[in-house]
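Asks: return a 3D structure for these sequence lines:
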Amino acid sequence: MRRVNMRTIVARMWLCVAMVIMAAPAGAQTKLLRFPDIGGNDIVFTYGGDIWKVTAAGGAAIRLTAHPGQELFARFSPDGQWIAFTGQYDGDEQVYVIPASGGIPKQLTYYPAHGPLTPRWGYDNQVYGWTPDGAEVLFRSLRDADGGGSETALYTVPRDGGLPVKLPMPSSGAGDYSPDGKKLVYSPLFRDFRTWKRYEGGWAQNLYIFDLASNAVTPVAHSKRTERDPMWIGDALYFVSDRDGTLNLYRHDIASDQIEQLTKETVWDVRWASSDNRSRIVYELDGELHIYDVAARRDTKLDILVPDDGLSRRPSRYSAEKNIEDFELSPKGERALFVARGDVFTVPIEKGLTRNLTNSSRSHERLARWSPDGKKIAFISDISGEDQLYLIDQSGSGKPEQLTTQFRAMLYTPEWAPDGKRIAFSDKDGKLYVLDVAARKITQVADDELGGIGDYAWSPDGQWLAFSMGEITDFRSLYIWSASDAKLRRISDEMFNEYGPVWDPEGNYLFFLSDRQFAPQISAIEWNFAGSRMTGIFAMALRRDVEHPFAPESDEVTIGEKGKDKKDDESKDEKKKDEKKAEKEEADVKPVKIDFDGLAARTTPFPIEADNIDGLTAAKGYLLYVVSGAPFNGRDSYQKDKVWIFDMKEREASVLVEDVEGYALARDGSKVLVKEGDDYKLYEAKPKAKDPKTVSTKDLMVDRVPADEWAEIFDEVWRRYRDFFYVKNMHGYDWKAIGDRYRQLLPYVAHRSDLNYVLGEMVAELNVGHAYIEGGDFEIPDRPKVGLPGARFALDKKAGRYTITKIFRGQNEEEKYRSPLTEVGIEVKEGEYILAIDGVELKGNDNPYRMLQHKKGPVTLTVNAKPVFDGAHKVAYMPIFDEAPLLYFDWVTTNRAKVAQMTGGRAGYIHLPDMGADGAYEFIKGYYPQIRKEGLVVDVRSNGGGNISQWIIERLDTRLLGTRFGNRSDLPMTYPYSVFHGHMVCLTNETSASDGDIFPARFRKAGLGPIIGKRTWGGVVGISGLGPLIDGGRAFVPLQGTNDVDGSWIIEGVGVTPDIEVDNDPDSVIAGRDPQLERAAQELVKAMDAEPMKLPARPADPVKTK
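Replies: Residues are numbered from 1 along each chain as shown. Down below sits the predicted model:
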């Protein structure tokens, strides 16, 4: 019996490919040398997650660091004596220094890093270099990112320790000092890890010279594409740009403003260029390192050998317990079947050995299903290079038998017919197939072009296959296919959403789910509704002579012989009869007959309350299903998922198991395996079942060969893009050639991060947004907890003490915006000194965040208005572990106050941080209290995207159709009730992204108001999960483009251009201004004055005496 998914009836989507690779030849040039820097006669770089050093002439490198976490972005000090870098020694990314000759790392930063970040966001606390005097390290951090006005920024931290200091630029990515330290060349934007080549949207990085004394900004060498990796050498700037299609090295003469291209690469990008700020630049190319001599205009490729011990590539015995993808039971429930880390396992319920039936790192097995007789297991594997269907003996003896050869697309769940003669399975294109196991003949049963087919189920006699297919309305309809005549018949009404069919084991009914109980949930914030708890279970009588499943019952007198107790006789024979029935069950399977005329009309609802029901299965006398709470966007439902069981004889339902994440029913209906948290428990499939048996998964072990796994992952990702990319022409690129080119780097992968990098570079060639690679095995320590107070500190150098420079305003009734030092009873003020933390004196050479590490409970601060202990008092606060929500709240609250001040209170302000849970939260929180304003600023700057923009547009686009007056007030009510009647403007910037791109485009299309700010990101080809890679990593494939009403492609690669372009120039922002917000307020005042949109006054009372 199949394992049932709990949320969808569409098939799960996973994929793989196979390709043999060779290990890197011994003694050969080492590749994938990352993030290099040059100082004096030495080069440092990252390889395999560690930092290595080699002479500028090449040769054998020596290791400087060794740790399970990664060490990255090494930079020599100007005197060549020190190396600063970003390290993950304690789980998060912090800034460290070591002597250039090697030694014990010294940690410089302690403020908790944001993360772990997905690869496209890079790393927090990324080291870029040093101040020219070598006293401080220059790095980029997210610590003050407020979610809208300021994102990543540059900081310096003293080499000898102390708190970092933010440079004056409001927002910045990479940067480099001028030789005299008075200026920097920098990019205000950061997207250095984005996997999108030849990008031309609003987020394209440009370079500027920033004067640290005057805050003046001078643009440098702008193009419509990317300028990155700025370096300042003498009187010229050097940078990398893909303005001609490939990232190359350029020189910009400051005096003449002339640009010169220095390298002419056309295949591989010049990446991560870094200089000694004197005469030489080192960079990556094809995984190798090159030195460019700026005086000689000479480029030299280095031959470097890294004598790595290959620890990350070492084969090992490895637990697959955390990589379980799927599970089910043997036909009678004696053993469990798991698919984990690409292998197929059978596991004893109590006694015996766990068997790994496939045990290969070079293939990804998926979706295994036990044959009805228990002898074989069918599964999907890519061992041949493409997804095909296989059989293997359940005992583990023999090799897998390949059943198909012709498929070139991802395949989904094999479902056995009860007689074992046929297997149904589907593919990613929505095609449903049936395989005759003996004849190896494949028949295409159906083709659902609107989506996948995943809920197919065989009749008890194996002659009929029931399933659902999609409609243009997004509903689904039921179909039955006949094995005898190969006819496909639609059996349900298009007016209802019907899916999840399962057969009555006795062949009388087809049970299914349908959404047709409409008592909508009413919104508490507006007069509107949401559909929930609509799903019921229904029985369709297959023949005209089938009785009503729940016909009226009546107690009647039993007529029998005197003294004869018929009940006792039946009780005595019950066990014997049941045993005989079980023995004959297979032989006694009756042919299932169906009267198709009037079939849909013979539908009966089950006597249970409609709910959020899914995962329907049937056993003799019982139905099992899952009931979920109503879904919420941003929090868990009010109830956990539960497995219910319906007793057909007693006609009542009861909870079998609480709090589940999935279940699998044995084919004979006797037992059910349930996932409860991290455990798998076996229950009797009967009401009130107790005392489950816990099935151990601790012996799910694989013989892991990392190089084989990485090759498997590479091929799997390549094929996912081939199969699922939103347009067939792959944007005009030769995808096979691209795959072949990047596959050459596989032998050099030394760390899982290397593989993500190679994959990211490969998919980036398609020039598309949302081409993301992330996750996988990283042996990184747990990130530390830092007990934050919701404040900022600064060192009073004269007093040698730290002061509180800012306490973030919070909203303490909301946990996400709780500001510890503003809570009731805590007496502390900005400007006061912190003298001690938990009784330990805090001195000027200490880092307060180091002393706040691992503080989970109350933290006690000793504070005073003076830098002395005399007169000090103590305050205790409950810490928070992330201050980003407080920075965001402070920014939004400030903006709202500015808009109110600039418009005389006539206009409101809301900001949407994304188009997901947080965006919905902020919209509801901010929109309805300001709904009677005359104007509204809708700010989507730095919006991170999601999928709810249409929710917001629907509400903003609602128009006033009328008003109502009652006897209590002269103020009108509106029709619709929650309608905004006023003028609007939309604010955008370069990082308004994804659904944050779509929102302003639809805002404009709806005619809601002008768009003000900067051109948006321009990434609108949407993604969805396609299932895990073999080690739990993920690859996101752009699946659906965005189009206008005429069908034309829009936004992608360009962004949304504002109606009124306004730049938030650094000087204005440093002065506390927000020119974009100011212009929005000005436009609203202009519109409100020119065309007042006020609600009407109460009219005169009607007189009806005539």
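Asks: OK, contacts around Gly1018?
Replies: Gly1018 is in contact with Glu200, Gly201, Gly202, Trp203, Gly769, Asp997, Ile1051, Glu1052, Gly1053, Val1054, Gly1055, Val1056, counting by CB atoms under 8 Å, 6 or more residues apart in numbering. C-beta here means a position set from N, CA and C on the backbone, and glycine is covered the same way.
Asks: need these in JSON lines with secondary structure, pLDDT and distance to Leu912, can you?
Replies: Below are the contacts of Gly1018 laid out as JSON lines (DSSP: H, G, I helix; E, B strand; the rest coil; pLDDT from 0 to 100; distance: CB to CB, whole Å):
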{"residue": "Glu200", "secondary structure": "coil", "pLDDT": "98", "distance to Leu912": "25"}
{"residue": "Gly201", "secondary structure": "coil", "pLDDT": "98", "distance to Leu912": "20"}
{"residue": "Gly202", "secondary structure": "coil", "pLDDT": "97", "distance to Leu912": "17"}
{"residue": "Trp203", "secondary structure": "coil", "pLDDT": "97", "distance to Leu912": "18"}
{"residue": "Gly769", "secondary structure": "coil", "pLDDT": "97", "distance to Leu912": "19"}
{"residue": "Asp997", "secondary structure": "helix", "pLDDT": "98", "distance to Leu912": "13"}
{"residue": "Ile1051", "secondary structure": "coil", "pLDDT": "98", "distance to Leu912": "17"}
{"residue": "Glu1052", "secondary structure": "coil", "pLDDT": "98", "distance to Leu912": "21"}
{"residue": "Gly1053", "secondary structure": "coil", "pLDDT": "97", "distance to Leu912": "23"}
{"residue": "Val1054", "secondary structure": "coil", "pLDDT": "98", "distance to Leu912": "22"}
{"residue": "Gly1055", "secondary structure": "coil", "pLDDT": "98", "distance to Leu912": "17"}
{"residue": "Val1056", "secondary structure": "coil", "pLDDT": "98", "distance to Leu912": "15"}
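Asks: just the strands in the stretch 51-200 of the chain please.
Replies: Here the stretch 51-200 of the chain has its strands, by DSSP state E, counting those that start in this stretch, at 59-60, 62-63, 71-76, 82-87, 94-99, 106-107, 126-130, 136-141, 153-158, 165-166, 175-177, 183-186.
Asks: could I get these as TSV with mean neighbour count, distance to Phe965 and mean pLDDT?
Replies: Below are those laid out as TSV (neighbours: other CB atoms under 10 Å; distance: least, CB to CB, whole Å; pLDDT from 0 to 100):
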stretch	mean neighbour count	distance to Phe965	mean pLDDT
strand 59-60	12	88	97
strand 62-63	14	81	98
strand 71-76	26	66	98
strand 82-87	26	65	98
strand 94-99	22	63	98
strand 106-107	15	68	98
strand 126-130	26	61	99
strand 136-141	24	56	98
strand 153-158	21	53	98
strand 165-166	14	55	96
strand 175-177	24	61	99
strand 183-186	24	59	98
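Asks: could I get those strands as JSON lines with distance to Gly396?
Replies: Listed next are these as JSON lines, based on distance: least, CB to CB, whole Å:
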{"stretch": "strand 59-60", "distance to Gly396": "46"}
{"stretch": "strand 62-63", "distance to Gly396": "42"}
{"stretch": "strand 71-76", "distance to Gly396": "43"}
{"stretch": "strand 82-87", "distance to Gly396": "45"}
{"stretch": "strand 94-99", "distance to Gly396": "48"}
{"stretch": "strand 106-107", "distance to Gly396": "50"}
{"stretch": "strand 126-130", "distance to Gly396": "49"}
{"stretch": "strand 136-141", "distance to Gly396": "53"}
{"stretch": "strand 153-158", "distance to Gly396": "57"}
{"stretch": "strand 165-166", "distance to Gly396": "61"}
{"stretch": "strand 175-177", "distance to Gly396": "59"}
{"stretch": "strand 183-186", "distance to Gly396": "61"}
